[in-house]
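> I need the structure of the sequence given here:
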Amino acid sequence: MLSTSIQPPQFSLLIIEDSDEDFAAFERIARRSSVQNPIYRCSDGDEALAFLRQIGEYANPDIAPRPSIILLDLNLPGTDGRDVLKQIKQDAALKAIPIVVFTTSSNPKDVDTCYQHGVNGYLIKPIDVVQLKQTVRLFFEYWFTSSLLPGTAIE
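The predicted structure is shown next:
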């Protein structure tokens, strides 16, 4: 069971997910798990890169703050998740942000490619609702309770 104080609200999550249904399910599970952290969403790779680079409609850092962690779907319209991962990990200003892939692809080539490009975790989206809840809760427990994210260590 998750604790009710996962992290202070300033630690945010960016979800890069094109499926409204998958995002809504993720949000419901987060809310029911007492996650208070801000969750931002981009629905395609190009929007995500604009958000992260704070350009265009995302030029205001209050609208597009630097996320503490990114949850990335691979199969996105436009610039796909594999290219988003590569671009983030090649950008000196962004590469320290942990990225966890959350996708339906269990293709060994995708898994290997993502780890070669610096992904910090690779999760398969379960189809079963009970397994999905458990996977999302474990994601939050690990990344927001057990781990220190970049910029969060207290001296």
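> What residue, apart from its backbone neighbours, is nearest residue 11 spatially?
Distances taken as CB to CB, 6 or more residues apart in numbering put residue 68 closest to residue 11, at 4.2 Å, once the chain neighbours are dropped. For glycine as for every other residue, the C-beta is placed from the backbone atoms N, C-alpha and C.
> Residue 79 now?
residue 45 (3.1 Å).
> could I get stretch 129-148 in CSV with only the CA atoms?
Output in CSV follows, covering the C-alpha atoms of stretch 129-148 (Å, rounded to 0.1, in the frame of the first residue of the first chain):
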residue,chain,number,x,y,z
VAL,A,129,-7.2,-3.8,-14.8
VAL,A,130,-6.0,-5.3,-11.5
GLN,A,131,-2.5,-5.7,-12.9
LEU,A,132,-2.6,-2.2,-14.3
LYS,A,133,-3.5,-0.8,-10.9
GLN,A,134,-0.6,-2.8,-9.3
THR,A,135,1.9,-1.7,-12.0
VAL,A,136,1.0,2.0,-11.6
ARG,A,137,1.1,1.9,-7.8
LEU,A,138,4.5,0.2,-7.9
PHE,A,139,5.7,2.9,-10.3
PHE,A,140,4.6,5.6,-7.9
GLU,A,141,6.0,3.8,-4.9
TYR,A,142,9.4,3.2,-6.4
TRP,A,143,9.9,6.6,-8.2
PHE,A,144,8.1,8.9,-5.7
THR,A,145,8.7,7.1,-2.4
SER,A,146,11.8,4.9,-2.6
SER,A,147,14.0,6.8,-5.1
LEU,A,148,15.8,10.1,-5.0
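> pLDDT (mean, whole number) over that stretch?
If you average the pLDDT over stretch 129-148, you get 89.
> So which residues make contact with it?
For stretch 129-148, contacts defined as CB atoms under 8 Å, 6 or more residues apart in numbering pick out 2-3, 6-7, 11, 25-26, 29-30, 33, 35, 37, 69, 71, 98, 100, 102, 123, 125-126, 149.
> so of those, which ones are in strands?
69, 71, 100, 102, 123 (DSSP state E).
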